[in-house]
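**Q** what shape does this take:
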Amino acid sequence: MKSLSYCTDDELVKMYEKGNNTAFEILLMRYKSKVYSYIFMIVRNKELTEDIFQDTFIKAIATIQQGRYIESGKFLGWVNRIAHNLIIDYFRREKNENTFSVDSIDFDIVNNAKLSERSFEDTLLNEQVLLDVVRLIEFLPPSQQSVVRMRFFEDLSFKEIAEKTDVSINTALGRMRYALLNMRRIAAEKDVYLEIK
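**A** This next block holds a predicted model:
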């Protein structure tokens, strides 16, 4: 029998479902730094990152134990989606509890020095922009929606997106380009300001 460390993510999940706790420990070791970095890149706060990180894996454990994990071949993408949803929930709560305007320093993308040197992809992964982008995606055609979700929320490469959607890499890149253009246009129409560099 091969060592657990050589098993695929989905094999480890199945073993964990059957009560093998070591299988989940290997998954955790495999991805904890990537998930932690993903959360920290958005929230920029060590304590909050640690809280959301713990909640993410608690939720992942509960979902697997309840037999609700859907095998996708991308465990990291699945865990990052859980983290992403918890981050959005946190910012929604903050926004509701906060009497500050959207122009407050926490959410001001335009004047935020931390973002001044960031690429568009990095900017997408930040605070208020993240919430707005999630809403804007809903207005895109389905083919563009799926490319944006796979790229930013499942962390797939354009090659993987092309294979998954059965199109060429150029088509996948084109859809992303049009999706970004459409999102800028929709953002302008709806008075949502995204800092796009």
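**Q** would you confirm that Ile26 contacts Leu4?
**A** Yes. Look at Ile26 against Leu4 with C-beta atoms under 8 Å: they come within range, at 5.4 Å. C-betas here are computed from N, CA, C, even on glycine.
**Q** higher neighbour count, these two?
**A** It is Ile26, of Ile26 and Leu4, that has more neighbours when counted by other C-beta atoms under 10 Å, with 19 against 15.
**Q** one step back: quick check: neighbours shared by Ile26 and Leu4?
**A** Taking C-beta atoms under 8 Å, 6 or more residues apart in numbering as the contact criterion, the common neighbours of Ile26 and Leu4 are Leu12.
**Q** helices of the protein, start to end?
**A** Chain-ordered helices for the chain, with DSSP state H as the definition, fall at 9-17, 21-43, 46-65, 75-97, 120-124, 127-137, 142-152, 158-165, 169-189.
**Q** list the helices and strands the second one packs on?
**A** Judged by 3 or more C-beta pairs under 8 Å, 6 or more residues apart in numbering; DSSP states H and E, helix 21-43 is in contact with helix 9-17, helix 46-65, helix 75-97, helix 127-137.
**Q** tell me which of the ones you listed lies nearest to Leu156.
**A** Nearest to Leu156, of all the helices and strands packed on helix 21-43, is helix 75-97, at 6.9 Å by C-beta to C-beta.
**Q** and the angle from the closest one to helix 142-152?
**A** On the basis of axes from the mean of the first three to the mean of the last three C-alpha atoms, to 10 degrees, helix 75-97 is oriented at 100 degrees to helix 142-152.
**Q** okay, the angle between helix 75-97 and helix 46-65?
**A** Using the same axes, to 10 degrees, helix 75-97 lies at 120 degrees relative to helix 46-65.
**Q** mind listing what's buried in helix 75-97?
**A** The neighbour-count check on helix 75-97 (16 or more other C-beta atoms under 10 Å) flags 75-84, 86-87, 90-91 as buried.
**Q** repeat for stretch 136-152
**A** Buried residues in stretch 136-152 (16+ other C-beta under 10 Å): 136-137, 140, 144, 146-152.
**Q** quick one: distance of it to the chain centre.
**A** Here stretch 136-152 is found 13 Å from its chain centre; the criterion is C-alpha atoms, centre = their mean, to the nearest Å.
**Q** returning to what we had before: a markdown table for the buried residues of stretch 136-152, including distance to Arg44?
**A** Formatted as a markdown table, the entries for the buried residues of stretch 136-152 read as follows, by distance: C-beta to C-beta, whole Å:
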| residue | distance to Arg44 |
| --- | --- |
| Leu136 | 22 |
| Ile137 | 23 |
| Leu140 | 28 |
| Gln144 | 29 |
| Ser146 | 29 |
| Val147 | 27 |
| Val148 | 23 |
| Arg149 | 23 |
| Met150 | 25 |
| Arg151 | 22 |
| Phe152 | 18 |
